[in-house]
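A.B. asks: coordinates only, sequence not included:
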């Protein structure tokens, strides 16, 4: 066994993910920011906007749910663990910073996928038909990784006060929701809005979800998937690099 | 004997303060090495650099033959850490904490289960293995942390104040375990404030003051090195004046401590003879007469005070 080898570190990252699932999925802030927040936002728009069809809104809800859930767990883990000194325990164990970050990302990704699948089922129960199931599955998998990497990026500032990170996280997440075509269709957006939307990975995921449920899309499907994959790669590499630099400052 | 810890010129600066200043030392295999120093001297920072938790600004540390900066995973695979603050996962049970450690050290599941069971039995927590750690007392948490550090049978164990604030029972249990582990070949690096603990456990101690190492030696040698002034404790069956004792041949000073007198002298033999003569001449029977060896406390205080700028 080479403890520093890739496969061994992958197993250890999985151990960290299992620990995160046991501990953090049922924490109050995770449930509030990851489950209740998108649900209440959706209900507010459902009641306030009568012109948009339900299929449009449900697609938006699926996009928003994955975005909120996959970014709910990951930003809070590092500050929580820094505060409880358990991060110091992990840092003294034979696991790389990359494996710790990856473990947290796995937990966040699975949380996002789980809750989003429930939302998809609810949408189907409300009468929506799933036209492109495989595309939706691929989109959910890539986007969940992408959003959990965004969540980890939000945790880069080396503070051990979870509320600071949650506040920063809300400051970034809410504007993203409004420029990503969830409540306002991309083709109805002003030029400046569209220019911002192309820089949000949530735009491409929402576009894919709409394609899966309504067969309509703004960007070509392959562009949506490619953009999500590129964002995922950039955010994952970026978050691992930055956490490696800031980790000692948390101790 | 091979060196399992080799620290060379370790330095850590926080802002304008130099927490650890070019610290170098070695710890040999099979040793119990005590790392002593007053609060803020740089003990924990040094331990954190040695365990790879924080990087040194300059200098190197080789642990079990692996550079902690360039081969951190290989170095960490060989040691266990018991930090100053109990840092088990409070929301997990003792069993889950141990199994997590087993996975993080790459133990096969069956081996991790066997070790967890043995270790929980050893630290007296087997019956409460399925209880969440948040319900544990401080002593129980510390025993669990020790068990977690031992899951992979490390060759080297770092402990930072392992008995600080614990009750006598937990303290004695942990110290006995450390002795047993050392007898079985585990090298122990122990950071402590407790001089008595260091004196009774450690083969060698290093004393750090203001980020610099001021002495490294065996406890007895450190004590002898400062043994320039001797102390004698004496009590009589009736009241004696301090002036009479201070005036005796070779006595430097006489201070009352309870019902006894503590006498400092540079010549133990001459002072004892003077006391006996004084007792006979004044019809004051000696009730107790003890020569006091300098403690590690004395050595520590002397060395840390001498090192003060």
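C.D. replies: That came through fine. Being a predicted model, the structure only gives us computed values, none of them experimental.
A.B. asks: State the helix or strand in which the single nearest residue of the stretch 151-251 of chain A relative to chain B lies.
C.D. replies: With CB to the nearest CB, the shortest gap between the stretch 151-251 of chain A and chain B falls at residue A:248, namely 4.6 Å. In this view, the C-beta of every residue, glycine as well, is placed from N, C-alpha and C. Assigning secondary structure by DSSP states H and E places residue A:248 in helix A:221-250.
A.B. asks: What is that helix packed up against?
C.D. replies: Applying 3 or more CB pairs under 8 Å, 6 or more residues apart in numbering or on different chains; DSSP states H and E, one finds that helix A:221-250 contacts helix A:74-84, helix A:86-92, helix A:97-125, helix A:133-154, helix A:201-214.
A.B. asks: Let me see the residues that make contact with stretch B:260-270.
C.D. replies: Residues outside stretch B:260-270 that contact it (CB atoms under 8 Å, 6 or more residues apart in numbering or on different chains) are B:228-235, B:240, B:242, B:245, B:249-256, B:271, B:275, B:288, B:291-292.
A.B. asks: switch to 10 Å and redo it
C.D. replies: With CB atoms under 10 Å, 6 or more residues apart in numbering or on different chains as the test, stretch B:260-270 has contacts from B:228-236, B:240, B:242, B:245-246, B:248-256, B:271-275, B:287-292.
A.B. asks: Give me the buried subset of these.
C.D. replies: Buried by 16 or more other CB atoms under 10 Å in any protein chain shown: B:230-232, B:234-236, B:240, B:245, B:248, B:251, B:254, B:271-272, B:274-275, out of those.
A.B. asks: what's the burial count for the closest residue to residue A:129 other than its chain neighbours?
C.D. replies: Computed as CB to CB, 6 or more residues apart in numbering or on different chains, the closest residue to residue A:129 that is not its neighbour in sequence is residue A:213, at 7.4 Å. Close neighbours of residue A:213, defined as other CB atoms under 10 Å in any protein chain shown, add up to 22.
A.B. asks: doesn't residue A:58 make contact with residue A:213?
C.D. replies: Yes: counting by CB atoms under 10 Å, residue A:58 is a contact partner of residue A:213 at 6.8 Å.
A.B. asks: Next, show the common contact partners of these two.
C.D. replies: A:120, A:123, A:124, A:128.
A.B. asks: tell me which of those is nearest to chain B?
C.D. replies: Nearest to chain B among those, with distances taken as CB to the nearest CB, is residue A:120, at 30.0 Å.
A.B. asks: nearest residue to the closest one other than its sequence neighbours?
C.D. replies: Once flanking residues are discounted, residue A:120 sits nearest to residue A:62: 5.9 Å by CB to CB, 6+ apart.
A.B. asks: And for residue B:208?
C.D. replies: Leaving aside its chain neighbours, residue B:208 sits nearest to residue B:37 (3.9 Å; criterion: CB to CB, 6+ apart).
A.B. asks: Can you read off the pLDDT for that neighbour?
C.D. replies: Looking at residue B:37, its pLDDT is 85.
A.B. asks: Now do the same contact list for it.
C.D. replies: By CB under 10 Å, 6+ apart, the neighbours of residue B:37 are B:43-44, B:46, B:191-193, B:206-214, B:300, B:303-304.
A.B. asks: Tell me which of the residues you listed fall in helices.
C.D. replies: B:43, B:44, B:46, B:300, B:303, B:304 (DSSP state H).
A.B. asks: Is the second one in contact with residue B:164, as I believe?
C.D. replies: Just to be clear, that refers to residue B:44. No: Residue B:44 lies out of contact with residue B:164 (CB under 10 Å); the separation is 11.5 Å.
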